[in-house]
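S.K.: With the input below, show me the fold.
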Amino acid sequence: MYGPISYFRNFWVTSAMSTMSHQYLAYIFFNQEQIDDILSQNTIIEVEGNTNEEEIKFEEPEEIIEYTSPEEEQILTRDPGNDLYKVIKVEGNGYKGHLLVVYDPSKLQLVQVSNLKYGKTIETFAREYGAVAGTNAGGFVYSKVYGYTPTGTVIIDGQLMNDGVGTGWGGGIIGFTNDNVLVLTKSSAQEALDMGIRDAVSFGPFLIVNGVASQFTGNGGYGVAPRTAIGQRKDGIVLLLVIDGRRPGHSIGVDMVELTNIMLKYGAYNASNLDGGGSSTIVANGETLSVGGGYGYTGDRYLHNAWLLIP
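M.R.: Here you go, the predicted model:
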């Protein structure tokens, strides 16, 4: 914790301080001044500007003789008989996860529980809506009295469902227009509706905007944890990435730098971090492929909304 190599204390403090209920772990070893100093050395400067919708050009699949990278081949080689989506296993130094590749983003919808006092697992959401795949979406605050209070803006089918306090994680509104373009914007909820956004949540930080990645110092300041990210390539293909974490021997998780690098590797032109930690979950074909780990997590977490791929 106090030696010349800063990696572990940066990992410990930023991971603890980015949680809602485990910040006390940082204070076991460090005082407030030391914690502030460590956090100041692990930051993100989000790229400025909103998504340029005109840069996204939906393309029909074509036979490619030579791919630019193994990841490009994985994305563009569709599973036989399935033009809607595919799931790719991703793995790196200390992490494992899954990438949901959506070829038709018009089939990707945001859904939310009808009564915010009660949540549902992603698997339950998928079964009830007839979805073939899905992931978690926006953030929330939970209490036994009030249930689930969504953070920031929630738009479903062009209707404003929530316009509350932001997440404190940077970013802004993340949503699809009626033309199925993924837009990242710092705009207000009303401005997002005026843009024609049909489904959206608030979260962050934004990782990539118009092909330009955010800038990081250290690990980016949010520690290492299970993560969910959403992105779109210039050809219109949507990427939903879920990285397992807090499960020693299987996957510790990733920081924001690694999360950004994975999305860049698979060709994301716009991408943002979504709610992570114990919420990070991906389901496909009725099977839960990834769940966030950690203290108190025995399986799928109950959530208030989800991104679902509905044929």
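
S.K.: Give me the neighbour count for residue 309.
M.R.: Per other Cβ atoms under 10 Å, the neighbour tally for residue 309 reads 25. All C-beta spots, glycine's among them, are computed from the backbone N, C-alpha and C.

S.K.: Now do the contacts for it.
M.R.: Neighbour list for residue 309: 84-85, 100, 102, 107-108, 131-134 [criterion: Cβ atoms under 8 Å, 6 or more residues apart in numbering].

S.K.: residue boundaries of the strands in the stretch 1-150 of the chain?
M.R.: 43-45, 85-92, 95-102, 108-112, 133-136, 140-143, 147-150 (DSSP state E, counting those that start in this stretch).

S.K.: Next, the contact list for the most centrally placed residue in the chain, please.
M.R.: The structure's the chain has its C-alpha centroid closest to residue 229; by Cα atoms, centre = their mean the separation is 2.4 Å. Applying Cβ under 8 Å, 6+ apart to residue 229 gives the contacts 207, 239-241, 259, 262-263, 271-274.

S.K.: same thing but at 6 Å, please
M.R.: 241, 259, 263, 271, 273 (Cβ atoms under 6 Å, 6 or more residues apart in numbering).

S.K.: related to what we said a few turns ago, out of the strands of the stretch 1-150 of the chain, indicate the one that is most buried.
M.R.: Using mean count of other Cβ atoms under 10 Å, the stretch among the strands of the stretch 1-150 of the chain with the largest mean neighbour count is strand 133-136, at a mean of 28.

S.K.: Sheet-wise, list the partners of that strand with their directions.
M.R.: Strand pairing for strand 133-136, determined by DSSP bridges: strand 281-284 (antiparallel), strand 305-309 (antiparallel).

S.K.: Let me know which of the ones you listed is the nearest to residue 154.
M.R.: When the strands paired with strand 133-136 are compared by Cβ to Cβ, strand 305-309 sits nearest residue 154, at 6.8 Å.

S.K.: For residue 233, which non-adjacent residue is closest in space?
M.R.: Counting by Cβ to Cβ, 6 or more residues apart in numbering, residue 233 lies nearest to residue 267, which is 4.5 Å off, once chain neighbours are set aside.

S.K.: With residue 89 instead?
M.R.: residue 98 (6.0 Å).

S.K.: So for the one you found, what's the pLDDT?
M.R.: In this model, residue 98 is scored at 98, pLDDT.

S.K.: and this protein, what are its domains?
M.R.: As given by automatic domain parsing, the domain ranges for the chain are 1-41, 43-309.

S.K.: from those domains, which stretch is densest packed?
M.R.: domain 43-309 (a mean of 19).

S.K.: Tell me the gap between it and the middle of its chain.
M.R.: With Cα atoms, centre = their mean, to the nearest Å as the basis, domain 43-309 stands 4 Å off its chain's centre.

S.K.: ok, back up a step: just give me the lowest mean pLDDT stretch among the domains of the chain.
M.R.: domain 1-41 (a mean of 84).

S.K.: Please report how far the nearest residue to residue 87 once chain neighbours are set aside lies from residue 102.
M.R.: Nearest non-adjacent residue to residue 87, counting by Cβ to Cβ, 6+ apart: residue 284, 5.1 Å away. According to Cβ to Cβ, to the nearest Å, residue 284 and residue 102 sit 11 Å apart.

S.K.: hmm, back to that, can you tell me which residues contact the residue nearest to residue 89?
M.R.: Contacts of residue 98 by Cβ under 6 Å, 6+ apart are 87, 89, 242, 282, 289-290.

S.K.: Next, work out how far apart the nearest residue in space to residue 302 that is not next to it in sequence and residue 140 are.
M.R.: Residue nearest to residue 302 in three dimensions, not counting chain neighbours: residue 119, with 3.3 Å by Cβ to Cβ, 6+ apart. Separation of residue 119 from residue 140 (Cβ to Cβ) stands at 8 Å.

S.K.: list residues touching both of those two?
M.R.: In contact with both residue 119 and residue 140: 148, 304, using Cβ under 6 Å, 6+ apart.

S.K.: Spell out the secondary structure type for residue 241.
M.R.: strand (DSSP: H, G, I helix; E, B strand; the rest coil).

S.K.: Confirm for me that residue 56 is in contact with residue 181.
M.R.: Yes. Between residue 56 and residue 181 there is a contact at 4.8 Å, judged by Cβ atoms under 6 Å.

S.K.: And the helices in the stretch 101-250 of the chain?
M.R.: 122-129, 189-194 (DSSP state H, counting those that start in this stretch).

S.K.: where's residue 104 relative to residue 77, distance?
M.R.: 16 Å.
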